[in-house]
Structure formats: structure tokens, C-alpha cells
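> Only the shape, not the letters, is given here:
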Ligand code: MN
Ligand code: MN
Ligand code: ZN
């Protein structure tokens with residue numbers, strides 16, 4: 001055991017594969033020293049999937065306990081097909097069904113937050129897109145009254161017609177949803193940076209967080225995605241890079257991880273990796289600890 005560190009880092013983890021069952025993800029996370037975890041709750045490239053097996057629902061909390069990961073620090077990510085902003089009725093219908101299904105799955109597993117890309121309007125315009133996303137979210141929340149899981153709208157890089165690259169987009173969606181306890185935000189460092197919000201120095205980091213607080217409210221942030229960016233500030237490209245090896249750089253991550261306002265907010269990597277060796281997760285988690293001045297724990 002190393003001696004206790006003066007720096008207390010927030011719950012840190014990574015997106016882990018659920019191959020073989022969701023209950024295998026906590027062990028994978030623990031094997032690289034994670035204290036937070038992101039998972040999919042079904043195949044991320046399919047509209048529908050088989051129900052979560054009862055033995056998986058039973059095993060998940062047990063495996064989290066063994067892994068030393070609190071369920072508070074677990075969040076899920078929706079499948080990539082969902083687009084609540086689509087003008088196509090068949091896509092909307094499938095998106096609503098899929099999001100409802102995934103919220104129910106999260107509820108069964110006790111997962112408190114489900115990260116969702118707000119959507120892309122595909123030409124109908126920002127206002128129409130935001131109105132539809134908010135209305136459908138409200139409907140889905142109303143239709144799942146027994147589920148406590150929040151929809152966490154993710155900040156986006158702003159590729160194409162995607163909504164969520166300006167903090168105001170997220171604010172406008174969240175404020176239209178009546179049940180505040182069922183919505184929140186997941187802030188992705190790569191996405192806000194490529195959307196044009198700088199976080200590389202104390203001054204720019206503080207200005208960006210001040211702006212987020214003014215427009216949305218920092219308390220709405222229930223999860224972070226920790227990704228460096230392969231592209232520069234304002235390029236609106238969504239390409240993740242290993243921590244410290246992209247255009248964002250190490251300092252931004254030090255500022256975020258040592259910000260006392262986020263000390264209890266779970267943060268997960270979504271950087272490229274070998275799902276078998278998890279070597280890159282070890283490397284990125286070690287980088288995060290090192291830049292914060294925390295000695296290796298294992
Ligand atoms: Mn995402
Ligand atoms: Mn992300
Ligand atoms: Zn991304």
C-alpha cells in the first residue's frame with residue numbers, strides 16, 4: 001500500500017465492454033483500477049436486443065461490490081442509432097422505443113444515469129430539433145415513472161447538424177423537461193473542446209466552466225467523458241485521443257480532476273483501446289493520476 005495521497009481524485013474509470021454479460025464489466029474495470037464505470041446496456045449498434053437475463057441483473061451489483069465500485073459511479077451510454085431530433089417518423093419511433101427500453105434496463109441494474117447524444121436535426125433547424133428532443137424526452141420520462149435513471153444529455157462536437165455543441169442547446173432541452181430529477185448532462189472534454197470551448201489553461205478552463213454554470217448550471221453535470229482530441233479547438237470534429245497526446249493536453253485534465261466542484265462526479269475514459277489487454281486504459285489512468293500528482297495505487 002502506498003501512503004495516503006493528499007490529492008483526492010474523483011471516481012475515475014473507463015467505458016468497459018459487456019461482452020459475455022453486463023456483470024462482467026465491473027471485473028474488467030477493477031482489473032485496471034477503476035472506481036467509475038461506463039457500459040452499454042445492450043448491443044450499441046442494434047435497435048433492439050434480448051432482455052437482460054435475470055441472473056445478470058442479480059450478479060451486476062454483486063460484481064460491483066467485489067470490484068469496489070459504487071453504483072453511484074456507474075453510468076450507461078445509449079446505442080448509437082438513437083436520434084430524437086430526426087425528421088423521419090420511423091427513426092423517431094425506433095428511437096423512442098430504444099431509449100425507453102434502455103432506461104428500463106438501467107433501472108433494472110440500478111444505474112443512475114444514461115448518456116444520450118441529444119440528436120441531429122438533419123436540416124429542420126436548431127429550434128425544431130430542440131423542441132422535438134425535449135418533447136420526446138418528456139414523453140419517455142412520463143412513460144417510465146418507476147425508473148429513477150436520468151437521461152444525461154451529452155455535449156457534442158457539433159459535426160453536421162448535431163445539437164448539443166453549444167451549452168445553450170443543452171439548457172434549452174433540459175429546461176423544457178418538467179421532471180428535473182430525470183435529466184442531467186454528461187460533459188465530454190473532447191467534444192466541448194472541438195466545439196470551441198477552451199480548457200487548456202487555468203484562465204480558459206475557469207471561463208468555460210463559468211459559462212457552463214451561467215447557461216446550464218454545474219450541478220447538472222452528473223458524468224464526465226475524459227478524452228483528449230485529435231483535432232484542434234473549434235474544428236467540430238469528434239475524434240478522441242489518449243490523455244495528454246492530443247490538442248487538449250495534460251493541464252486541462254489536471255484542472256478538471258482537481259476541481260473540488262467535481263470531486264464526486266464520476267469520470268470515464270472513452271479512448272481507443274484493446275478490449276482484451278486494456279493496456280491503454282492503464283496508461284491513460286496512470287497519466288491522469290500522474291498529472292494530478294497522485295502516486296500509482298497498484
Ligand atoms: Mn457519446
Ligand atoms: Mn463522449
Ligand atoms: Zn466522442
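All right, it came through fine. Predicted model, so just to flag it, every value in this text is computed and none were measured. Ligands and ions are numbered 1, 2, ... in the order given.
> which parts of the stretch 1-150 of the chain sit against ligand 2?
Where proximity means Cβ under 5 Å from the ion, the stretch 1-150 of the chain presents no interface facing ligand 2. Yep, even glycine has a C-beta here, placed from its N, CA and C like the rest.
> For ligand 2, what's the nearest residue on the stretch 1-150 of the chain?
In the stretch 1-150 of the chain, no residue comes nearer to ligand 2 than residue 115, which is 7.1 Å away by Cβ to the ion.
> got the buried residues for stretch 147-160?
Of the residues in stretch 147-160, 147, 149, 150, 151, 152, 153, 154, 155, 156, 157, 158, 159 count as buried by neighbour count, 16 or more other Cβ atoms under 10 Å.
> got it, and stretch 23-35?
Here stretch 23-35 shows 23, 24, 25, 26, 28, 29, 30, 32, 33, 34, 35 as buried, counting by 16+ other Cβ under 10 Å.
> and if you look at stretch 164-180?
Neighbour counts over stretch 164-180 (16+ other Cβ under 10 Å) mark 164, 165, 166, 167, 169, 170, 171, 172, 173, 174, 177 as buried.
> any idea where the strands of the stretch 151-298 of the chain begin and end?
Under the criterion DSSP state E, counting those that start in this stretch, the stretch 151-298 of the chain carries strands at the ranges 162-163, 183-188, 221-226, 228-229, 240-241, 267-269.
> Among the buried residues of stretch 23-35, which ones are in helices?
With DSSP state H as the criterion, helices contain 25, 26, 28, 29, 30 from among the buried residues of stretch 23-35.
> now these in CSV, with pLDDT?
Output for these, formatted as CSV (pLDDT from 0 to 100):
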residue, pLDDT
25, 98
26, 98
28, 98
29, 98
30, 98
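> List just the nearest of these to residue 264.
Nearest to residue 264, judged by Cβ to Cβ, of these is residue 29 at 17.9 Å.
> Just the element for the residue nearest to that closest one when sequence neighbours are not counted, please.
Of all residues not flanking residue 29 in the chain, residue 37 sits nearest, at 4.5 Å (Cβ to Cβ, 6 or more residues apart in numbering). If you go by DSSP states H and E, residue 37 is part of strand 36-40.
> now that strand against strand 221-226, angle please.
Here strand 36-40 points in a direction 90 degrees away from that of strand 221-226 (axes from the mean of the first three to the mean of the last three Cα atoms, to 10 degrees).
> all helices of the stretch 101-250 of the chain, in order?
Taking DSSP state H, counting those that start in this stretch as the criterion, the stretch 101-250 of the chain contains helices spanning 126-142, 167-176, 189-194, 202-215, 250-257.
> out of those helices, deepest packed?
Here the criterion is mean neighbour count by mean count of other Cβ atoms under 10 Å, and of those the winner is helix 189-194, at a mean of 27.
> Centre of the chain to it, how far?
Computed by Cα atoms, centre = their mean, to the nearest Å, the chain-centroid distance of helix 189-194 equals 13 Å.
> Low-confidence ranges, the protein, go.
Low-confidence segments of the chain (pLDDT under 70): 1-6, 296-298.
> what about 90?
1-8, 295-298 (pLDDT under 90).
> can you list contacts of stretch 58-65?
If you take Cβ atoms under 8 Å, 6 or more residues apart in numbering as the criterion, stretch 58-65 is touched by 21-27, 37, 70-71, 74, 109-110.
> quick one: that stretch to chain centroid distance?
Worked out by Cα atoms, centre = their mean, stretch 58-65 lies 21 Å from the chain centre.
> can you check stretch 47-67 too?
Mean C-alpha position of stretch 47-67 versus that of the full chain (Cα atoms, centre = their mean) differs by 20 Å.
> just stretch 69-82 next, same as before
7 Å.
> Ends of that stretch, what's the gap?
The first and last residues of stretch 69-82 sit 28 Å apart, counting by Cα to Cα, to the nearest Å.
> Okay, buried residues for it please.
Using 16+ other Cβ under 10 Å as the test for burial, stretch 69-82 gives 69, 71, 73, 74, 75, 76, 77, 78, 79, 82.
> Spit out the contact partners of the fourth one.
Right, residue 74. If you count contacts by Cβ under 8 Å, 6+ apart, residue 74 has them with 36, 37, 38, 39, 64, 111, 112, 266.
> Mind doing that once more with 7 Å?
Each residue near residue 74 by Cβ atoms under 7 Å, 6 or more residues apart in numbering is listed here: 37, 64, 111.
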